[in-house]
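Trainee: show me the folded form of this:
(one chain, ligands or ions: 2)
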Amino acid sequence: MSRERQAVERARKAFLTGRSKPLDYRIGQLKSLQRFVVERQKDISDALKKDLNKSKLGTPLYETLGLEGEILLAVNKLAEWAAPRPVEKNLLTLSDQVFIQPEPLGVVLIIGAWNYPWAVTIQPLIGAIAAGNAAVVKPSEVSAHTSKVMEELLPLYLDKEMYPVVTGGVPETQELLKQRFDHIFYTGNSTVGKLVMEAASRHLTPVTLELGGKSPCYIDKDCDITIACRRITWGKYTNCGQTCIAPDYILSPTVLRDVKPDAKVMQEEIFGPLLPIITVSGVDDAIRFINEREKPLALYVFSQDNKTSSGGVLANDCLVHFSVSALPFGGVGNSGMGSYHGKFGFDQLSHLRGCLIKKLGMEGVNQMRYPPHTAKKLDWARFFILKQVDVARVGRMAMLALLAVIAAVVLQVRIKKNNRALHANCVQ
Ligand SMILES: NC(=O)c1ccc[n+]([C@@H]2O[C@H](COP(=O)([O-])OP(=O)(O)OC[C@H]3O[C@@H](n4cnc5c(N)ncnc54)[C@H](O)[C@@H]3O)[C@@H](O)[C@H]2O)c1
Ligand SMILES: CCCCCCCCCC=O
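Mentor: Ligands and ions are numbered 1, 2, ... in the order given. As a prediction, the model looks like this:
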């Protein structure tokens with residue numbers, strides 16, 4: 001049996017014990033992960049220095065502070081996220097319990113990319129742990145030192161049966177993809193994303209695909225060009241331009257140098273320190289240009305615009321939307337599917353189970369659905385199913401009516417009592 005298959009089987013066996021379900025276990029694992037990030041900061045930054053020449057201080061800023069924030073949030077909010085979520089009732093379910101119960105999915109496969117290997121591999125793991133899943137973690141072989149640190153040190157902190165790290169390259173990832181998972185969370189390029197989805201389809205496994213693409217950046221006439229240039233330059237050249245949401249090309253009315261739309265540099269994601277500038281005649285031309293192409297992961301606008309489609313949109317800055325846990329992060333179309341960060345990560349890796357708990361009484365209400373079907377029953381069904389009633393408002397009104405009745409009764413009793421006292425005084 002291959003090493004990859006063994007890891008998956010062990011993770012499934014661990015999941016089936018049910019120990020990842022209680023919130024205390026999940027919080028314990030999240031806190032251990034937090035300890036790992038803090039205590040092993042040096043191992044993490046040394047590996048990143050060797051892999052990608054990232055600086056010692058850049059590592060916390062771009063890779064691990066975000067992880068710490070996400071872990072803290074999950075620890076603080078887990079009870080709320082995992083609790084049953086009551087939903088609006090209709091007339092047919094007035095006396096029932098109707099709610100959504102987030103449930104763990106099972107065993108999740110997390111495949112990470114090399115460019116921010118901690119941020120994009122461990123962040124999905126936080127969602128997987130919080131949601132009560134087991135997870136097989138496959139870091140990128142390109143960032144090999146990081147991969148080794150994950151393989152050697154993570155098991156010292158986490159439940160190693162439940163969260164195994166499997167290292168290796170394409171053959172190992174392909175072997176993993178042959179196994180049955182309950183969800184696959186892949187971060188990387190769109191070409192491999194299609195292979196991942198194809199492999200997942202064999203087991204009807206749902207996927208989250210965090211892909212890349214050409215994120216456009218539109219600069220309007222009216223913006224402060226000095227600030228725009230500083231922010232765009234930072235967004236583009238951070239990590240040598242190897243950021244999934246780096247502005248890929250600029251659409252600018254004050255153009256210095258033109259790039260033809262059919263040039264090679266405009267056909268594929270650049271993922272490097274090149275920044276083509278395209279001449280457009282104005283905002284409508286820019287929108288047309290963007291909409292004619294694949295849906296990008298991010299859209300940067302240094303002005304006002306909401307007429308285009310992209311994974312995310314950010315006005316007057318670059319990259320920082322990635323750090324906001326309250327925003328869903330993910331692509332659309334060619335830039336991916338599904339989203340995560342904060343509660344979105346928890347929901348993405350949960351089964352949101354619809355629950356309706358009925359009592360065995362009140363059977364009379366159900367007569368309209370039992371045969372024989374009659375026109376009268378259908379009329380009742382039409383009323384119960386189609387009548388749009390604000391059940392909460394009806395409930396409030398019923399409560400008010402009840403209070404009014406109680407107040408009237410109390411008042412009447414008081415009046416009677418007073419009358420009796422008055423009568424007694426008069427008699428005396
Ligand atoms: N949306 C995001 O959050 C995000 C984050 C980082 C990177 N990206 C995108 O990822 C891309 C860069 O990463 P990459 O793709 O070069 O990363 P990569 O080479 O590290 O590959 C990612 C993973 O895919 C696996 N893989 C590669 N080829 C495979 C194959 N043929 N079959 C099965 N598995 C295979 C690798 O083992 C690795 O674990 C860019 O397009 C970037 O925009 C997106
Ligand atoms: C402070 C801003 C943090 C930006 C981190 C960007 C990570 C992107 C991951 C995709 O490549």
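
Trainee: sketch out the helices for the stretch 201-350 of the chain, chain order is fine.
Mentor: Assigned by DSSP state H, counting those that start in this stretch, the stretch 201-350 of the chain shows helices spanning 225-237, 283-291, 342-348.

Trainee: wait, is Arg12 part of a helix?
Mentor: Yes. Looking at Arg12 with DSSP: H, G, I helix; E, B strand; the rest coil, it is inside a helix.

Trainee: hang on, isn't it packed against Gly106?
Mentor: Yes. Contact criterion CB atoms under 8 Å: Arg12 and Gly106 qualify, at 7.3 Å. Where you see a C-beta, it was placed from the backbone N, CA and C, and this is true even at glycine.

Trainee: shared neighbours, these two?
Mentor: Ala134 (CB atoms under 8 Å, 6 or more residues apart in numbering).

Trainee: for the residue of the chain found nearest ligand 2, grab phi and psi.
Mentor: Of all residues in the chain, Cys244 sits closest to ligand 2, at 3.3 Å by CB to the nearest ligand atom. The phi and psi values for Cys244, taken as degrees, to the nearest 10, are phi -60, psi -30.

Trainee: what about the nearest residue to Leu156 once chain neighbours are set aside, how many residues nearby?
Mentor: Computed as CB to CB, 6 or more residues apart in numbering, the closest residue to Leu156 that is not its neighbour in sequence is Phe36, at 7.8 Å. Using other CB atoms under 10 Å, Phe36 is surrounded by 22 other residues.

Trainee: against ligand 1, how distant is Phe36?
Mentor: Going from Phe36 to ligand 1 by CB to the nearest ligand atom, to the nearest Å gives 20 Å.

Trainee: doesn't that residue belong to a helix?
Mentor: Yes. Phe36 forms part of a helix when assessed by three-state DSSP.

Trainee: show me the contacts for it.
Mentor: So Phe36 contacts 153-154, 156-158 (CB under 8 Å, 6+ apart).

Trainee: where exactly do the strands run in the stretch 51-200 of the chain?
Mentor: 85-86, 97-104, 107-111, 134-138, 183-187 (DSSP state E, counting those that start in this stretch).

Trainee: what helices or strands is the first one leaning on?
Mentor: It refers to strand 85-86. In this structure, strand 85-86 makes packing contacts with strand 97-104, judged by 3 or more CB pairs under 8 Å, 6 or more residues apart in numbering; DSSP states H and E.

Trainee: strands paired with the strand it packs on, and their directions?
Mentor: strand 85-86 (antiparallel), strand 350-357 (antiparallel) (DSSP bridges).

Trainee: and Arg19, which helix or strand is it part of?
Mentor: Using DSSP states H and E, Arg19 is not contained in any helix or strand.

Trainee: before we move on, back to that, what's the most buried one of the helices of the stretch 201-350 of the chain?
Mentor: Mean neighbour count (mean count of other CB atoms under 10 Å) peaks for helix 342-348 among these, with a mean of 22.

Trainee: need the contact partners of it.
Mentor: 70, 73-74, 77-78, 81-82, 102, 123-124, 126-127, 130-131, 185, 208, 325-326, 328-330, 338-340.

Trainee: the residue of the chain closest to ligand 2 and Pro296, how far apart?
Mentor: 10 Å (CB to CB, to the nearest Å).

Trainee: which residues are common contacts for those two?
Mentor: Shared contacts of Cys244 and Pro296 (CB under 8 Å, 6+ apart): none.

Trainee: what sits against the residue lying closest to Cys244 once chain neighbours are set aside?
Mentor: In space, and not counting its chain neighbours, Cys244 is closest to Gly212: 4.6 Å by CB to CB, 6+ apart. Counting by CB under 8 Å, 6+ apart, Gly212 touches 189-190, 244, 269, 271, 297, 335.

Trainee: which one of the strands paired with strand 97-104 lies closest to Ala47?
Mentor: strand 350-357 (31.3 Å; CB to CB).

Trainee: could you pull up the mean pLDDT of the closest one?
Mentor: Strand 350-357 shows a mean pLDDT of 96.

Trainee: and it, how far out from the chain middle?
Mentor: Here strand 350-357 is found 18 Å from its chain centre; the criterion is CA atoms, centre = their mean, to the nearest Å.

Trainee: likewise for stretch 118-136?
Mentor: That offset, for stretch 118-136, works out to 12 Å (CA atoms, centre = their mean).

Trainee: now stretch 417-427
Mentor: Per CA atoms, centre = their mean, the centroid offset for stretch 417-427 relative to its chain is 72 Å.

Trainee: max pairwise distance over the contacts of Gly212: which two?
Mentor: Farthest pair in the contacts of Gly212 (CB to CB) is Phe271 and Ser335. Separation: 13.1 Å.

Trainee: of those two, which one has the most company?
Mentor: In this comparison of Phe271 against Ser335, neighbours counted by other CB under 10 Å, the higher total goes to Ser335 at 27 against 19.

Trainee: get me the contact residues on the protein for ligand 1.
Mentor: Applying CB under 6 Å from any ligand atom, one finds that the chain approaches ligand 1 through 111-116, 120, 138, 140-142, 169-170, 173-174, 187-189, 192, 195, 210-212, 244, 269, 271, 297, 331, 336.

Trainee: next, the angle from the longest helix anywhere in the chain to strand 97-104.
Mentor: Determined from DSSP state H, the single longest helix within the chain is helix 391-427. Counting by axes from the mean of the first three to the mean of the last three CA atoms, to 10 degrees, helix 391-427 lies at 140 degrees to strand 97-104.

Trainee: and helix 391-427, what's its mean pLDDT?
Mentor: 82.

Trainee: again, but for stretch 102-115
Mentor: Average pLDDT, stretch 102-115: 98.
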